[in-house]
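Peer 1: I'd like to go over a predicted model; first the sequence, then the structure.
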Amino acid sequence: MSEVVGVAVRRRQPTRWTSWVIPLLAGGIGLLVLLVMLLWFVVRIEVNANELLVLVQKTGRKLPADLPPELRDQVVLYPELLKAIVQRTGQTEEQVKGAYKGIHLEVLPEGRYFINPYSYTKVKMPATIISQNEMGVLIRKFGRALPFPKTVATEPDERGPVAEYLTPGRHNINLLAYDVLKFPAVQIPEGHVGVVTLLSGTDPVAKNTYTVEPGEKGVQRKTLPPGWAYYNPYLQRIETIDLRSHKYDLLGEEAIQFPSNDSFTITIEGTIEWAIRPDQVAEVIVAYGDEDDILHKVIIPNARSISRIEGSKLQAREFISGRTRTAFQDSLLAQLKRECWNQGIDIKSALVRDIHPPAEIAALISQREQADQEIERFTNEMEEARAQARLIEQQEMQEQNKSVGDARRQVVTLVKEAEKRKSVAVTEANQALAVAKLTLEAAEKEAAATRARGAADAKVILLEYQAQAEPLQQAVQAFGDGQAYAQMHFLQKIAPAVRSILANTDGPFAEIFRQLQDFTPTTGKGGAP
């Protein structure tokens, strides 16, 4: 029984141990799950595409009371403010950063963040998108007020419009610290330029001038080329100016009237083509204004003045003549071009369309003009005939000169061909001479070799004859003289023949002996006695 009880006791002990471990473990797991859920659903924040996250610190100290008044009321914790706090309190930047309430200037881009909700308020805002053909201007909400007379903020701790502008694209801007204003960009067409006026900058060094140097407040001397112009409207103003040619017709009431030298009123209608000089666009716009101002302040007054001065030098009847009209038009163009060029205007042309003389003298002047035209026509015909005769003479001279030129070219060609043949012949003769010299040298060398071979052969023959004569000389000396040797030699040669003759009984020689045998002294002839 005791053993059974002991076993029972041993079995109940693990049950008491697990009675508090399992709940504790379950509680820990539940706490962990709660913590994960808290982190995931409360602390976690997802910043999606084209969104930004700005943190507003809720816990911490207020800004120091000994800061300047313009800094104590700031709600954005920007770098210059933190530097001022460091200087006032003597703390380090690490101690100051995150220790004061306010809006953080930095923004967090897309991503997943776990932010303490007790210490920070999380503000999501869209990223700033500047589309094509637009520009953006930042209006800073924090910092010191702009000193007079500045209109834009050029320092990082100044409040107001920022001097730099935003170009097309995406920009991560803290919209709690900045306002973004969008403006359309200025398109400068072809044939135009942009005149820039700087609204804020340093005072001009040179006074009483139409344009200023770069960075100085006023109209800039340098203009903008055609294309898209991005700028800050709080800092600059751009005016598009047309540099193409303009035409203005002086007709009707706009026609130029002036008295002639003989006190008749002359009316001139014409057309003036002009354009602004590209190198003086800014000066012209400041000095005179827009295109209408340039026309009525510069071009038309100069045209009327020059026409009156030049027209007063001529009589009324002279304005009907074509040559006088052409001379008047050329003089008007030259003087108007010179005067307007000095004022920044380029006069392309000044065409006189029509000249109206007084009606009371127009008929008489017309008749006289017709007579003058007839005289001029006959004179022109005579000049034309003379010109035709000169032309024929020139043609004949050209034909003659052409023939002479052809003959000269033929002579030159023949001379060149003769010189060429001469050169070829001289070259061939020189080559033949060189070959003959080489042949002569070879022949001389061959003759010398032949003579040498003949001398050698003669010497060999002489030696052979000497070798043959020496035994003969010795034989002659042995017989005493040459005759005895020759006789002995003759006998040696003839002895065989005599032997053969004497031995032959059938030959003619034997016949002689036979006849001697048959000879009798009584008859003296052969036969019987």
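Peer 2: That came in fine, so what should we check first? Residues are numbered from 1 along each chain as shown.

Peer 1: Please name the residues that touch the residue most central in space within the chain.
Peer 2: When CA atoms, centre = their mean is applied to the chain, the residue found nearest the centroid is P225 (21.2 Å). Counting by CB atoms under 8 Å, 6 or more residues apart in numbering, P225 makes contact with I188, V193, G194. All C-beta spots, glycine's among them, are computed from the backbone N, C-alpha and C.

Peer 1: Just send these back as TSV, with secondary structure, distance to E283 and pLDDT too.
Peer 2: Converted to TSV, the contacts of P225 look like this (DSSP: H, G, I helix; E, B strand; the rest coil; distance: CB to CB, whole Å; pLDDT from 0 to 100):
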residue	secondary structure	distance to E283	pLDDT
I188	strand	19	95
V193	strand	13	96
G194	strand	15	96
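
Peer 1: Okay, now the unreliable bits of the stretch 1-150 of the chain?
Peer 2: By pLDDT under 70, the weakly predicted segments of the stretch 1-150 of the chain are 1-19.

Peer 1: Y234: neighbour count?
Peer 2: A count of neighbours around Y234, defined by other CB atoms under 10 Å, yields 20.

Peer 1: The one 4 residues further on too?
Peer 2: The burial count assigned to I238 is 20, neighbours taken as other CB under 10 Å.

Peer 1: Secondary structure element for it, which one?
Peer 2: strand 236-242 (DSSP states H and E).

Peer 1: Quick one: mean pLDDT over that strand.
Peer 2: The pLDDT scores in strand 236-242 average 94.

Peer 1: Does anything pack onto it? Which helices or strands?
Peer 2: Applying 3 or more CB pairs under 8 Å, 6 or more residues apart in numbering; DSSP states H and E, one finds that strand 236-242 contacts strand 186-188, strand 192-198, helix 281-288.

Peer 1: so what strands line up beside the first one?
Peer 2: The reference is to strand 186-188. strand 227-229 (antiparallel) (DSSP bridges).

Peer 1: buried residues in the partner strand?
Peer 2: A229 (16 or more other CB atoms under 10 Å).

Peer 1: gap between that strand and the chain center?
Peer 2: 25 Å (CA atoms, centre = their mean, to the nearest Å).

Peer 1: quick one: average pLDDT of it?
Peer 2: Strand 227-229 carries an average pLDDT of 93.

Peer 1: now stretch 423-432
Peer 2: Stretch 423-432 carries an average pLDDT of 84.

Peer 1: That stretch: which residues count as buried?
Peer 2: Residues of stretch 423-432 include none that count as buried (16+ other CB under 10 Å).

Peer 1: quick one on the thing from earlier: now for the helices and strands packed on strand 236-242, which one comes closest to K141?
Peer 2: Closest approach to K141 among these (CB to CB): strand 192-198, 25.1 Å.

Peer 1: what packs against the closest one?
Peer 2: strand 218-219, strand 236-242, helix 281-288.

Peer 1: of all these, which lies closest to F319?
Peer 2: Once the helices and strands packed on strand 192-198 are compared by CB to CB, helix 281-288 is nearest, at 31.7 Å.

Peer 1: Quick check: phi and psi at the nearest residue to A316 once chain neighbours are set aside.
Peer 2: Spatial nearest neighbour of A316, excluding adjacent residues (CB to CB, 6 or more residues apart in numbering): F264 at 3.9 Å. Per-residue torsions, F264: phi -100, psi 150 (degrees, to the nearest 10).

Peer 1: count of neighbours near F264?
Peer 2: 16.

Peer 1: Quick check, it in contact with P358.
Peer 2: Yes - if you go by CB atoms under 8 Å, F264 and P358 touch, sitting 4.6 Å apart.

Peer 1: Residues in contact with both of those two, list them for me.
Peer 2: Joint contacts of F264 and P358 (CB under 8 Å, 6+ apart) are A316.

Peer 1: that older thread, quick one: which of the helices and strands packed on strand 236-242 is nearest L35?
Peer 2: Here strand 186-188 is closest among these (CB to CB), at 57.6 Å.

Peer 1: contact partners of that closest one?
Peer 2: Contacts of strand 186-188 (CB under 8 Å, 6+ apart): N133, G194, L224, P225, P226, G227, W228, A229, Y231, I238, T240.

Peer 1: The fourth one and P233: what is the separation?
Peer 2: Put plainly, it is P225. 20 Å (CB to CB, to the nearest Å).

Peer 1: What's opposite G169 in the beta bridge?
Peer 2: I130.

Peer 1: Which pLDDT value does the model give it?
Peer 2: 94.
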